[in-house]
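**Q** this is the structure alone, sequence omitted:
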């Protein structure tokens, strides 16, 4: 008997000796009214949180490796147990898991890079990771926060109030805290219950001091903005980096958001100039309201800054205090519009290459034409070409040159969505598609009078539809992002009715089935009893349909393509030369050889067979909120 007891003791000691210390880290997405516990070997161990909503504990391993997480009320009782069955391994202790989310690795591929970037990114301002979802929790001043969420608009004026917060940022591998100032962003987005926000940080996070979180409340895929941004980057146009994040503020669980850069001074310095300490020139944001205006037409209004200030279309976003020539904040805008007007008059009847050379002395034409190709392919109905809005005009002091920078792309891949401002054949028209969307197309119409501009546009279009904007090239990205966010999208859709009832605004009750279908080939019908928005095209459906039409329009245009050289920085003798681009579509590899040193673009004319089709256009009973600005006042046109 004594021998048997001695054996039991030895066995127990051996088990203890072989036991390992397991670390568990989990993110609570149920809000601060709950704590977290880990269930292991039928025992529940309460976890500790030093940076909410991240909870941590350690456990001595036993005979099994299965575990899961539970929600605990403030008395320590189990309120809910996740349905996921987990198995511990050495990797688990080094990551932050998320309650009721499968821990998985999704490799989100980059889109094919078909042109080299027309910008240089800073090493200290890196892209957000494509394959991660963050979690943000902000503890904010309650009264100021309530003022923002309950009154996003003061009459027709934007609520520009702020709330001081402590912001906790949880990624799959780290947890950090920042002091932050909370603000609302956007205009039309303020008419939705799920609002969009911006945090200004006291210290940098991943090289940034501003974090913008977009609600994507009208998009059943929550992917249109992200895909569009990646398309711009793949074609070499500067655009913001982004990832996804869950957002909680005080006791409100807002759901899944897109976390993106703001097109501000730090982003411009790091992305356009490639140096976060670079001098940043004046930058202006543009606003338009279709159909009655005002419009950011970029017409010359004279040198009086009040003409631009009171137009309701232009806003100074970045001020260059080192610009000794600027006599007022609208100086660079007025100078650009004057130079462009002079160019249109000087070369009105001159379609030689000299006209293009003269324009490129003060304007980055190549960047805009690439941008216009993506806007045409995605049918960006709320951006530069269609509505002369959602873009910035930036004066680059290093190059003494202006460029247009696009942003906010949630109005893409929808088609006309029943708008009467598109012709019946808009879907097959790849250059005149936006002719009727805004009455004042002064800037674009003058550009397209020159055959070299049309030829270059068509060249870019041809390369893009062959190597980028087609289902084979884009599907791996769409499918990977869908896999990454699907659980959180389902959670997000179900949260809208749980959000504070005192928050007013439009709501959508999309379903996970509609998410699955609309990322592919299915539309989302308009159902006013449950949704404010619909979607006439699935994303892949739109890419296939639009891409085929534009491939017909631009067929063969990129053969022998010469990519124009870029204007060097002042004081530099180096010209950014054309580059060799390899892009693969299916089993065919297209290679454009690096041309020898040249600064001229050959003029070519092409003809394309015109295909006309009429699509089914449904006029819905939705209210379209348009922005009209008088000085700082924003009015609603219905």
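**A** Arrived safely, thanks for sending. Given the structure is predicted, the values throughout are model-derived calculations rather than measurements.
**Q** residue 227 touches residue 539, doesn't it?
**A** Yes - taking contacts as CB atoms under 8 Å, residue 227 lies within contact range of residue 539: 6.9 Å. Placement of C-beta: from N, CA and C, glycine included.
**Q** pick out whichever of the two has more residues nearby.
**A** Neighbours were counted for residue 227 and for residue 539 using other CB atoms under 10 Å; residue 539 has more, 27 against 21.
**Q** tell me which element the closest residue in space to that one that isn't next to it in sequence falls in.
**A** Of all residues not flanking residue 539 in the chain, residue 413 sits nearest, at 5.0 Å (CB to CB, 6 or more residues apart in numbering). Using DSSP states H and E, residue 413 falls within no helix or strand.
**Q** per-residue confidence for residue 413?
**A** Looking at residue 413, its pLDDT is 97.
**Q** hmm, it is touching residue 224, no?
**A** Yes - Residue 413 is within contact range of residue 224, at 5.2 Å (criterion: CB under 8 Å).
**Q** can you check the distance spanned by stretch 205-216, start to finish?
**A** For stretch 205-216, the first-to-last residue distance is 23 Å (CA to CA, to the nearest Å).
**Q** surely residue 186 is in contact with residue 197?
**A** No - with contacts counted by CB under 8 Å, residue 186 stays clear of residue 197, the gap being 9.3 Å.
**Q** of those two, which one has the most company?
**A** A side-by-side neighbour count of residue 186 and residue 197, using other CB under 10 Å, places residue 197 first with 24 against 19.
**Q** show me the contacts for that one.
**A** 182, 183, 184, 185, 212, 213, 247, 249 (CB atoms under 8 Å, 6 or more residues apart in numbering).
**Q** if we use 6 Å, what do you get?
**A** For residue 197, the contact set (CB atoms under 6 Å, 6 or more residues apart in numbering) comprises residue 213.
**Q** average pLDDT for stretch 477-488, rounded please.
**A** 98.
**Q** so what touches that stretch?
**A** Against stretch 477-488 from outside (CB under 6 Å, 6+ apart): 101, 106, 108, 109, 111, 223, 244, 256, 519.
**Q** by neighbour count, which of those wins?
**A** Going by other CB under 10 Å, residue 519 tops these with 26 neighbours.
**Q** need the next SSE after the lengthiest helix in the chain, C-terminal direction.
**A** Longest helix of the chain, by residue count under DSSP state H: helix 471-495. Proceeding N to C from helix 471-495, the next assigned helix or strand is helix 512-518, under DSSP H and E.
**Q** go through the helix or strand that that next one is followed by and flag the buried ones.
**A** Going down the chain from helix 512-518, the next helix or strand is helix 539-554, by DSSP H and E. Buried residues in helix 539-554, counted by 16 or more other CB atoms under 10 Å: 539-547, 549-551, 553-554.
**Q** so the chain: which segments form each domain?
**A** The record's domain parsing of the chain by automatic domain parsing lists 20-98, 133-472+540-594+604-637.
**Q** let me know which of those domains is the nearest to residue 533.
**A** domain 133-472+540-594+604-637 (4.3 Å; CB to CB).
**Q** dihedrals phi and psi, the residue nearest to residue 539?
**A** When read as degrees, to the nearest 10, the backbone of residue 413 gives phi 60, psi 20.
**Q** make 860 the first number, not 1, from now on.
**A** Sure, I'll start numbering at 860, so the last one becomes residue 1272.
**Q** doesn't residue 1292 make contact with residue 1285?
**A** Yes - the criterion here is CB atoms under 6 Å, and residue 1285 meets it with residue 1292 at 4.8 Å.
**Q** skipping adjacent residues, who's closest to residue 1062 in space?
**A** residue 1037 (5.7 Å).
**Q** kindly apply the preceding question to residue 894 instead.
**A** Counting by CB to CB, 6+ apart, the residue nearest residue 894 is residue 931, at 4.4 Å.
**Q** quick one: neighbours of that neighbour, just the number.
**A** Applying other CB under 10 Å, I find that residue 931 has 20 neighbouring residues.
**Q** which strand residues bridge residue 930?
**A** residue 895, residue 939 (DSSP bridges).
**Q** so for the helix or strand residue 1311 falls within, mean pLDDT?
**A** Here residue 1311, judged by DSSP H and E, is contained in helix 1310-1326. Across helix 1310-1326, pLDDT averages out at 98.
**Q** with that, I have no additional questions.
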